[in-house]
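Student: Return a 3D structure for these sequence lines:
(one chain, ligands or ions: 1)
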Amino acid sequence: MKIAVLPGDGIGTEIVAEAIKVLKALSLPFTMESAPVGGAAYESHGHPLPDSTLQLAKDADAILFGAVGDWKYDTLERALRPEQAILGLRKHLGLFANFRPAICYEQLVNASSLKPELISGLDILIIRELTGDIYFGQPRGRRTATDGHFPGAEEAFDTMRYSKPEIERIAHVAFQAARTRKAAGSEGRVTSVDKANVLETFQFWKDVVTEVGKEYPDIALDHMYVDNAAMQLVKQPKRFDVVVTGNMFGDILSDEASMLTGSIGMLPSASLNSRNQGLYEPSHGSAPDIAGQGVANPLATILSAAMMLRFSLKQPEAAARIEKAVDAVLTQGLRTPDIYSVGTTKVGTREMGDAVVKALG
Ligand code: NAD
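Tutor: Numbers count the residues shown, from 1 in each chain. Prediction:
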């Protein structure tokens, strides 16, 4: 088994170093090889996703990714900006299914901006389609309007589109995830989020998900408009089990869900293709505001490594060991500044990583 390690920029290098420490402590039979990505790769190779990095990622069973981006690259042409590396990896590896669990650790129940009773015990999974929708739809661009409210004016446009197979495969991923979760005690429900009342694309989405749902009679299916879903996520988040939605709605809702749990520094994510090859990364970015200070929370990245062991490397016991160790360090009261509260012990990035290694037992 081979892991491609792409630390990236900003806090990416700091948090990935801790995840590597944890992975090495498990003494499992896999190799790890690192390569630059994002701004770091632009500096060394003139491109955010050099061919050598892409090849390493393609050849690996899984990719452990830190984060990319820095404000200093904001003036670069779009194709050379660090964030293009993630889009390139998603596209070249066909990573169409993004998993974002939002789990509220009991020890951090007071770190959320929501009332503790609303989020205590929260364990939901947002599944976002990642390679289609308006983010990738063609045609797109700028032109002079020939119709609309202001004919002759300059305008910009994008195209929202989904094909049936694209919807079917992400729907299957969602129903299967709900089944696995049900076996572990969850409700067994998929909520498909759309905007079928306004958008043709999402009426089609709803129809196709409904059709696929018939193959999973053991899983309940409901549909919700995206505006209502945004409300329900803060009103009664525990009514959800698995949420499946398109690329743009998923982008927004998964960030909203991540904040339910208090800190984005706690949330892992996985992006998988049809061969179960995956890219595993924290849900947050490169946090240039705290980079180099040794204060970033490495737990989202360490938990992403656990997801990697479970999904791509088929090592569920090792994954559970990591998750238990994270739970243990939180119970010990260790907190990086983003999750610190009075009465707990403030630690830095490295101390947190060391504590997880120690708690692996
Ligand atoms: P961000 O997620 O990097 O940071 C948002 C806030 O959360 C900041 O205050 C930051 O300090 C804090 N934060 C993030 N991760 C943390 C952690 N592990 N521990 C403690 N605090 C943490 O988002 P941003 O500031 O909007 O973006 C910064 C850069 O990251 C931009 O260049 C953006 O394009 C890029 N970005 C990259 C990814 C990715 O690599 N997948 C995702 C989002 C943003």
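
Student: helix, strand or coil for V190?
Tutor: strand (DSSP: H, G, I helix; E, B strand; the rest coil).

Student: dump the residue contacts of it.
Tutor: With contacts defined as C-beta atoms under 8 Å, 6 or more residues apart in numbering, the neighbours of V190 are 171, 174-175, 178, 209, 213, 216, 219-222, 241-244. Yep, even glycine has a C-beta here, placed from its N, CA and C like the rest.

Student: Please identify the helix or strand for the residue in the stretch 51-200 of the chain positioned nearest to the ligand.
Tutor: The stretch 51-200 of the chain approaches the ligand most closely through G69 (2.4 Å), counting by C-beta to the nearest ligand atom. Take DSSP states H and E as the rule and G69 turns out to sit in neither a helix nor a strand.

Student: from what I can see it touches G285, true?
Tutor: Yes - with contact defined as C-beta atoms under 8 Å, G69 reaches G285; the gap is 5.6 Å.

Student: one step back: can you report how many residues neighbour the residue of the stretch 51-200 of the chain closest to the ligand?
Tutor: 23 (other C-beta atoms under 10 Å).

Student: Read off the pLDDT value for it.
Tutor: We have a pLDDT of 96 for G69.

Student: and it, what does it touch?
Tutor: 8-10, 38-39, 81-83, 285-286, 288.

Student: what do G69 and G285 both touch?
Tutor: G10.

Student: before we move on, the earlier item: next step: the contacts of V190 restricted to strands.
Tutor: Counted as lying in strands by DSSP state E, out of the contacts of V190, are 220-222, 242-244.

Student: gap between the nearest residue to R335 once chain neighbours are set aside and L122?
Tutor: The spatially closest residue to R335, leaving aside those adjacent along the chain, is T344, at 4.5 Å (C-beta to C-beta, 6 or more residues apart in numbering). Between T344 and L122 the computed distance is 20 Å (C-beta to C-beta, to the nearest Å).

Student: Equivalent analysis for F240, please.
Tutor: In this structure, F240 and L122 are 9 Å apart, going by C-beta to C-beta.

Student: higher neighbour count, the two?
Tutor: Comparing F240 with L122 by neighbour count (other C-beta under 10 Å), the higher total belongs to F240, at 25 against 19.

Student: Go ahead and report the secondary structure state at the closest residue to that one other than its chain neighbours.
Tutor: Excluding the flanking residues, the one nearest F240 by C-beta to C-beta, 6+ apart is I124, at 4.6 Å. The assignment at I124 comes out as strand when based on three-state DSSP.

Student: Now the residue of the stretch 51-200 of the chain closest to the ligand: phi and psi?
Tutor: Per-residue torsions, G69: phi 120, psi 150 (degrees, to the nearest 10).

Student: Buried ones among the contacts of V190?
Tutor: Buried members of those, scored by 16 or more other C-beta atoms under 10 Å, are 171, 174-175, 178, 209, 213, 216, 219, 221, 241-244.

Student: can you list the residues of the stretch 1-150 of the chain near the ligand?
Tutor: 11, 15, 67-70, 83, 86 (C-beta under 6 Å from any ligand atom).

Student: Adding distance to T336, write those residues out as a markdown table.
Tutor: Formatted as a markdown table, these follow (distance: C-beta to C-beta, whole Å):
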| residue | distance to T336 |
| --- | --- |
| I11 | 11 |
| I15 | 10 |
| A67 | 15 |
| V68 | 21 |
| G69 | 20 |
| D70 | 21 |
| E83 | 25 |
| I86 | 24 |
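
Student: can you name the two of the residues you listed that are farthest apart?
Tutor: Spatially, the most separated pair among those is I15 and E83, at 17.6 Å (C-beta to C-beta).

Student: quick one: contacts for the most far-flung residue of the chain relative to its centre?
Tutor: Ranked by distance from the centre of the chain (C-alpha atoms, centre = their mean), the top residue is G152, with 41.2 Å. Counting by C-beta under 8 Å, 6+ apart, G152 touches 144-145.

Student: Would you list the phi and psi of it?
Tutor: Torsion angles, degrees, to the nearest 10, at G152: phi 90, psi -10.

Student: same deal with G294?
Tutor: phi 70, psi 30.

Student: Run a quick neighbour tally on it.
Tutor: 14.

Student: And the nearest residue to it once chain neighbours are set aside, what's its pLDDT?
Tutor: Leaving aside its chain neighbours, G294 sits nearest to G348 (4.5 Å; criterion: C-beta to C-beta, 6+ apart). At G348, the model reports a pLDDT of 98.

Student: Next, work out how far apart G348 and F99 are.
Tutor: Counting by C-beta to C-beta, the separation of G348 from F99 is 29 Å.

Student: So which of these two has more stuff around it?
Tutor: Neighbours were counted for G348 and for F99 using other C-beta under 10 Å; F99 has more, 23 against 17.

Student: For the helix or strand where that one lies, name the packing helices and strands.
Tutor: Here F99, judged by DSSP H and E, is contained in strand 97-103. Based on contacts counted as 3 or more C-beta pairs under 8 Å, 6 or more residues apart in numbering; DSSP states H and E, the elements that strand 97-103 packs against are strand 123-129, helix 164-183, helix 247-260, strand 268-272.

Student: What about the closest residue to V68 other than its chain neighbours, how many residues nearby?
Tutor: Spatial nearest neighbour of V68, excluding adjacent residues (C-beta to C-beta, 6+ apart): G38 at 2.7 Å. Other residues within reach of G38, judged by other C-beta under 10 Å, total 30.
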